[in-house]
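In: Sequence and predicted structure, then a few things I'm wondering about:
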Amino acid sequence: MLLYNLLLFVISFIAGSVPLWFKGITEKRMNLLLAFSGAFLLSITFLHLLHETFEELHTSAGIYLLAGFFLQLVIQRFTHGIEHGHVHLEDDGHHHHHHVPLASILVGLGIHAFMEGLPLGFNYLDSATGPSLYLAVAAHKLPEIILVTSLAFSVKGRNTAILVLILFSLLTPVGSYIASEMSQGYAFISRVRTIIIPIVAGSFIHIATTIFFESGTKQHLLTRQKVFAIGIGVGIGLLTLLFE
């Protein structure tokens, strides 16, 4: 698990560094990356997380899934949807963020980043769930951390952007580490775990489905490129079933 967390930090840091050095990140490219990550995240949620949570909680799992879905809606009130790509980039690579409530976005997104790390620190009934979930979260963090670094860079400058990059590269692995340590040291965490997993799964469903509406044309059309990106995400998600 330590290796997984280290890789997650490295992947997040490298991806988040891109907008600090390159200006070729267009909105079209970001939308395709979002479509891929959303499809992959949704696939892992359906193929692995839902199986785990219904196996343990049965029909009551639906209550926590619903709670997680609407909890993400509340978090979105602070993040302004940056976790599913609702920050736009000009096609020439320049950013246009006027009067952006950066503090609110960073707090909301920090809670979101920490939350998505919690299920990474748990043990699962199916041995394939853990590594599959790490892959899905890593894929989700690629566009997320690129967007938050771009936002900090355009509003506050390079130094602040680097600090934000380091912080958000660490938050999810730290959440995973804390969950892992607490689940080993406290018996009651095993019960909390069964609740956290469906709440996070509900949050993932909200993020992934919203991405499908946000990451496209203004008319919300399914372009061939977007369908291809979604297909790759779903395809890789199905391949994780081979981990079993």
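Out: Thanks, I have the structure now.
In: For the residue nearest the centre of the chain, give me its contacts.
Out: Centroid-nearest residue in the chain: H140, 3.9 Å away (criterion: CA atoms, centre = their mean). H140 is in contact with 37-38, 40-41, 116, 207, counting by CB atoms under 8 Å, 6 or more residues apart in numbering. All C-beta atoms are positioned from the backbone trio N, CA, C, and that covers glycine.
In: same thing with G175?
Out: Here G175 is in contact with 113-118, 120-121 (criterion: CB under 8 Å, 6+ apart).
In: how about 6 Å then?
Out: 114, 117-118 (CB atoms under 6 Å, 6 or more residues apart in numbering).
In: Narrow those to just the buried residues.
Out: Among those, those classed as buried by 16 or more other CB atoms under 10 Å are 114, 117-118.
In: Where do the helices of this structure begin and end?
Out: 2-21, 27-44, 50-57, 61-79, 102-117, 129-156, 158-185, 189-214, 224-239 (DSSP state H).
In: Low-confidence stretches in this protein?
Out: Residues of the chain meeting the criterion pLDDT under 70: 24-25, 80-100, 185-187, 214-221, 244.
In: repeat that for 80
Out: Applying pLDDT under 80 to the chain flags residues 1, 23-28, 77-102, 183-191, 212-222, 243-244.
In: List the buried residues in stretch 168-178.
Out: 168-177.
In: Can you give me the first-to-last residue distance of stretch 148-162?
Out: Taking CA to CA, to the nearest Å, stretch 148-162 runs 11 Å from one end to the other.
In: List the buried residues for that stretch?
Out: By 16+ other CB under 10 Å, the buried positions in stretch 148-162 come out as 148-155, 161-162.
In: nearest to P19, of these?
Out: S150 (4.2 Å; CB to CB).
In: how about CSV for the contacts of H140, with distance to P19 added?
Out: Converted to CSV, the contacts of H140 look like this (distance: CB to CB, whole Å):
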residue, distance to P19
S37, 16
G38, 20
F40, 22
L41, 21
E116, 21
I207, 21
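In: Out of these, which is nearest to M182?
Out: Once CB to CB is applied, the member of these that ends up nearest M182 is E116, at 16.5 Å.
In: what about that closest one, how many neighbours?
Out: When neighbours are counted by other CB atoms under 10 Å, E116 registers 25.
In: Now do the same contact list for the residue lying closest to R77 once chain neighbours are set aside.
Out: Residue nearest to R77 in three dimensions, not counting chain neighbours: G108, with 7.4 Å by CB to CB, 6 or more residues apart in numbering. Counting by CB under 6 Å, 6+ apart, G108 touches 75, 78-79.
In: Would you reformat those as a markdown table and include neighbour count and distance to L47?
Out: Below are the contacts of G108 laid out as a markdown table (neighbours: other CB atoms under 10 Å; distance: CB to CB, whole Å):
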| residue | neighbour count | distance to L47 |
| --- | --- | --- |
| I75 | 20 | 24 |
| F78 | 18 | 30 |
| T79 | 24 | 26 |
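In: Which one of those residues is nearest to I199?
Out: Proximity of these to I199 (CB to CB) peaks at I75, which lies at 11.6 Å.
In: ok, now which ones touch the closest one?
Out: By CB under 6 Å, 6+ apart, the residues touching I75 are 108, 112.
In: distance of it from E52?
Out: 23 Å (CB to CB, to the nearest Å).
In: One more: L142?
Out: 24 Å.
In: related to what we said a few turns ago, make JSON lines from the contacts of G175 and add distance to R191 to it.
Out: Output for the contacts of G175, formatted as JSON lines (distance: CB to CB, whole Å):
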{"residue": "F114", "distance to R191": "20"}
{"residue": "G117", "distance to R191": "19"}
{"residue": "L118", "distance to R191": "14"}
